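**Student:** quick one: sequence and predicted model below, then my questions.
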Amino acid sequence: MPVIEEPFEKVFAKDRAQKAEIMKRQMDLLLERYDLAKHVSAEVTMSGGKPLPVGPTARLKGITWDQLSSTTPQEIKEKGTFPYLPLPHPNHPVGGMIFPQMQIELLPRLERFDLDFDLPEHFLPEFPPAIFLTTHKEAGDVSQGKVITIDNFYDVFNGILNPKQLEGLRLLVTQFPQQQFNATADRKTTLPSIGVTCFDCHVNGHSSGAIHLVGDIRPQANRNRIETPTLRGVNIQRLFGSQRALKTVEDFTEFEQRAAYFDGDHLTAAKKGVNPLERGSQVHFMSEFQSILDFPPAPKLDIYGRLDPKKATESELRGEVLFFGKAKCGSCHSAPYYTDNLMHDLQVERFYASRVINGQFIRPEGAMKTFPLRGIKDTPPYLHDGRLLTLEDVVEFFNLVLQTRLNAGEKKDIVAFLRQL
């Protein structure tokens, strides 16, 4: 059957006309929920030197954190005081990949004409991020301070990678058509696009904080915003995708190309130009490179992933005791990599009533993967949809959800510990 669609000029004009209103609605929601002012640590930085954002940023409604943590989930639900509701996509009915402005300035091909990225840059990972390899721990950051692209990957990595890994990296920085970045009339780029690369979202094998919607949930309103996770340490993981529970990095690599790029719609993929990769060579080569991406150095941890008492501060040591004790973090995030490679349902819906917010149906979210916490300071914002902007917000969120009733000093100590992982 012939495909009947609106001309690109009409799509472009309509989307451009609606952009300001859509972004204002999203920013109004963010400002209602968060203090977005720039507050950063003068003591702790990410691996490349970017100051760490400091919180908590959530705006409370006529209640203190101590009072909130002493309130039952049912009371919080009835009063509507839960500060960490799921975060919708800026235009949830449309969705699609959106990249931060700092990345668009370097790679203009990633700009959409219909939407802008919504979170301020100080809440995002440093750009460009460092690259650490399990095969060259002695080398530290091997990125040379560059964003790795098709233009420079060979010069940077020739002699460091074997031929299979180098070919896998080439594929990871090669553009392939994607739902919003392609040559069709319903694209979201001004000019026809060759597509995006794996390392556009997973910059340097890490993340720029770029967002998308998960491909495995329907209807559209029920889909979750997904903040791009880092690929550092995939060699120790056994589940991939925050909720999809893919079993190998090869499955993840193939799934992203075949389905996630096109919102889980294989018919649209065929129309827009999906490029199925050959499993035995191309997917394998890409996976082999991903599997040598290492966590950043953690000089205060011993070989068991625990703090060395001779190097850690008193606050960090207290935080470690709390992490594995009262705070219950270690129940899922076990050393040395701080994951149990399982899925857990936090039942966060105990704290809020289901409803539609900016096009997303806020509903029970089910089980989510336990992400590794090694290198956690390098990966803000947190949780699968990025609703937790700082490590302080992470601690407040889990203090509520797990009902551990930590005091202010205990929360501060746990953050101090997390910064050393």
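**Tutor:** Perfect, thanks for sending it.
**Student:** quick one, strands of the chain?
**Tutor:** Here the chain has its strands, by DSSP state E, at 40-45, 51-53, 211-213, 225-227, 343-345, 355-357, 360-362, 367-369.
**Student:** hmm, Gly366 is touching His344, no?
**Tutor:** No - using Cβ atoms under 8 Å, Gly366 is not in contact with His344; the gap is 9.9 Å. Yep, even glycine has a C-beta here, placed from its N, CA and C like the rest.
**Student:** OK, contacts around Lys38?
**Tutor:** 53, 120, 122 (Cβ atoms under 8 Å, 6 or more residues apart in numbering).
**Student:** what's the answer for Leu171, then?
**Tutor:** Here Leu171 is in contact with 198, 277, 282, 285-286 (Cβ under 8 Å, 6+ apart).
**Student:** could you redo the last one with a cut-off of 6 Å?
**Tutor:** 282, 286 (Cβ atoms under 6 Å, 6 or more residues apart in numbering).
**Student:** hang on, the earlier thing: can you add mean neighbour count, distance to Leu161 and mean pLDDT and give the strands of the chain back as CSV?
**Tutor:** CSV is the format used below for these (neighbours: other Cβ atoms under 10 Å; distance: least, Cβ to Cβ, whole Å; pLDDT from 0 to 100):
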stretch, mean neighbour count, distance to Leu161, mean pLDDT
strand 40-45, 13, 28, 94
strand 51-53, 20, 31, 98
strand 211-213, 24, 28, 96
strand 225-227, 22, 28, 96
strand 343-345, 13, 33, 95
strand 355-357, 12, 45, 97
strand 360-362, 20, 41, 97
strand 367-369, 18, 28, 92
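**Student:** let's have those strands in CSV, adding distance to Met23.
**Tutor:** Shown next, in CSV, are those (distance: least, Cβ to Cβ, whole Å):
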stretch, distance to Met23
strand 40-45, 25
strand 51-53, 22
strand 211-213, 14
strand 225-227, 15
strand 343-345, 33
strand 355-357, 16
strand 360-362, 16
strand 367-369, 28
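**Student:** which one of those lies closest to Asp28?
**Tutor:** Nearest of the strands of the chain to Asp28, taken as Cβ to Cβ: strand 355-357 at 11.5 Å.
**Student:** any weak-confidence spans in this structure?
**Tutor:** Counting by pLDDT under 70, the ranges of the chain that qualify are 1-4, 242-244.
**Student:** tell me where the longest helix sits in it.
**Tutor:** Secondary structure of the chain per DSSP state H: the longest helix is helix 8-33.
**Student:** can you give me the buried ones in that one?
**Tutor:** By neighbour count on 16 or more other Cβ atoms under 10 Å, the buried set for helix 8-33 is 11-12, 15, 19, 22-23, 26, 29-30, 33.
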